[in-house]
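Student: kindly generate the corresponding structure for this input.
(one chain, ligands or ions: 1)
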Amino acid sequence: MRRVTLTQYLVEQQRSKGVVSAELRLLIEVVARACKSISNAISKGALSGVLGGAGTDNVQGEAQKKLDVIANDVLVEANEWGGHLAAMASEEMDLPLSIPNRYPKGEYLLVYDPLDGSSNIDVNVSVGTIFSVLRCPDGVNCTDESAFLQPGSKQVAAGFAVYGPATILVLTVGNGTVGFTLDRELGSWVMTQEKIEIPADTTEFAINMSNARNWTPPVKRYIDECLAGKTGPRGKDFNMRWVASMVADVYRILSRGGVFMYPVDAKHTGGRLRLLYEANPMSFIVEQAGGAAINGTQRIMDVQPTKLHQRQGVILGSKHEVELVGRYYAGQ
Ligand code: F6P
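Tutor: Below is the predicted model of the structure:
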């Protein structure tokens, strides 16, 4: 296979497909470079003193890890001076961050979760960075929360990095989903998955089973039927995986199919995952890979956000399974 780097891929998308502007290309490259730094910090673990709590809470009242704060700072510093952004919003910051006046401003909004799955950092399990790119709408103050309250269908790009045994970057600019692996010796992202396609059928599901007593009837029905296996209504055995890092669970689904669920339940009445930082970018990536993403009753990318840090029920992955769960929600 021809060795294609992230830069080459983006230049090709710009030149021949016209789906990437020069500014968007720069933005994605800057984010990808920041992910290399975060990967480097994570890989040193206890040796560089980056493990453990930061002693602070984020806006949702969750205790921040040192690496949550480091990863957020890396992304802010990398992106604020390039001239491609109007503003950025992070899961770890209460309010959108404006670009300092000394730097030029661009038309894009960057939205990100700097370190997803951070409860896994201290136990050496995969974590990642998720990002989404929107355009600042005309006539609004781009640093105002309202500029960011756009449905996922308005995203112009989305991606995530997984800091696992290998460091992977998955990306969509609305023209399919592609995967890159970090070549540490050369420091470059090399394309390793040219066209990711999620199989429409699967025998694998991912859900936190400890929430079972809180599930709604459609979720309980779907999982019960999977667990019933060959002799149950589905007529086949299912396997279960739950990494508790959305990046790792979604990457597995992109690689071999499956369904990922963090639905609304009696404990997480508005859902657990964040709409802008997690649900929307992952939905864009999954749909571009031929999968589907719903909150139960609605396509996630059609949901109109009302708050920056709002949560959302998430069911995504192999198309036929997600459609089946959707039919159970509809009472069919
Ligand atoms: O939102 C962060 C996150 O860590 C996701 O990456 C992951 O899917 C989920 O939370 C895990 O939640 P729980 O700890 O309830 O299994």
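
Student: any weak-confidence spans in the protein?
Tutor: Applying pLDDT under 70 to the chain picks out residues 1.

Student: distance check, the residue of it at minimum distance from the ligand against residue 127.
Tutor: Using CB to the nearest ligand atom, residue 246 is the residue of the chain that sits closest to the ligand, at 3.4 Å. Quick note: C-beta positions are derived from backbone N, CA and C, even for glycine. Noted for residue 246: a distance of 10 Å to residue 127, by CB to CB, to the nearest Å.

Student: looking at these two, which one has more neighbours?
Tutor: Using other CB atoms under 10 Å as the criterion, residue 246 and residue 127 rank with residue 127 on top: 28 against 25.

Student: skipping adjacent residues, who's closest to residue 66 in space?
Tutor: Excluding its sequence neighbours, the residue lying closest to residue 66 (CB to CB, 6 or more residues apart in numbering) is residue 54, at 4.8 Å.

Student: got it, and residue 283?
Tutor: residue 293 (3.5 Å).

Student: pretty sure the one you found is touching residue 279, no?
Tutor: Yes: counting by CB atoms under 8 Å, residue 293 does reach residue 279; the two are 7.5 Å apart.

Student: is any residue of the helix or strand where the residue nearest to residue 283 lies near the ligand?
Tutor: Following DSSP states H and E, one finds residue 293 within strand 292-294. No: against the ligand, strand 292-294 shows no contacts by CB under 6 Å from any ligand atom, the least distance being 14.0 Å.

Student: let me see the residues that make contact with that strand.
Tutor: Contacts to strand 292-294, defined as CB atoms under 8 Å, 6 or more residues apart in numbering, come from residues 279, 282-283, 286-287, 299-301, 314-319, 322-323, 325-326, 329.

Student: in helices, which of these appear?
Tutor: 282, 283, 286, 287, 319, 322, 323, 325, 326, 329 (DSSP state H).

Student: the first one and residue 146, how far apart?
Tutor: So that's residue 282. 23 Å.

Student: before we move on, what about the second one?
Tutor: Taking CB to CB as the criterion, residue 283 is separated from residue 146 by 22 Å.

Student: ditto for the fourth one
Tutor: When distances are taken as CB to CB, residue 287 and residue 146 turn out to be 25 Å apart.

Student: could you check which of those two is surrounded by more residues?
Tutor: With neighbours defined as other CB under 10 Å, residue 287 and residue 146 compare such that residue 287 has more, 22 against 13.

Student: number of nearby residues for residue 329?
Tutor: 22.

Student: typo on my end, residue 4
Tutor: Residue 4: 16 neighbours (other CB under 10 Å).

Student: what helix or strand is residue 87 located in?
Tutor: Short version, using DSSP H and E: residue 87 is in strand 85-90.

Student: what packs against that strand?
Tutor: helix 66-79, strand 97-98, strand 108-116, helix 145-148 (3 or more CB pairs under 8 Å, 6 or more residues apart in numbering; DSSP states H and E).

Student: tell me which residues in the last one are buried?
Tutor: Yep, that's helix 145-148 we're talking about. Buried residues in helix 145-148, defined by neighbour count with 16 or more other CB atoms under 10 Å: 145, 147, 148.

Student: tell me the contacts of the last one?
Tutor: This means residue 148. Residue 148 neighbours (CB under 8 Å, 6+ apart): 87, 89, 96, 109, 111, 134, 276, 305, 308.

Student: could you identify the most distant pair in these?
Tutor: Pairwise distances among the contacts of residue 148 were taken by CB to CB; the largest, 15.4 Å, belongs to 87 and 305.

Student: those two: which has the busier surroundings?
Tutor: The neighbour comparison of residue 87 against residue 305 (other CB under 10 Å) goes to residue 87, with 24 against 20.
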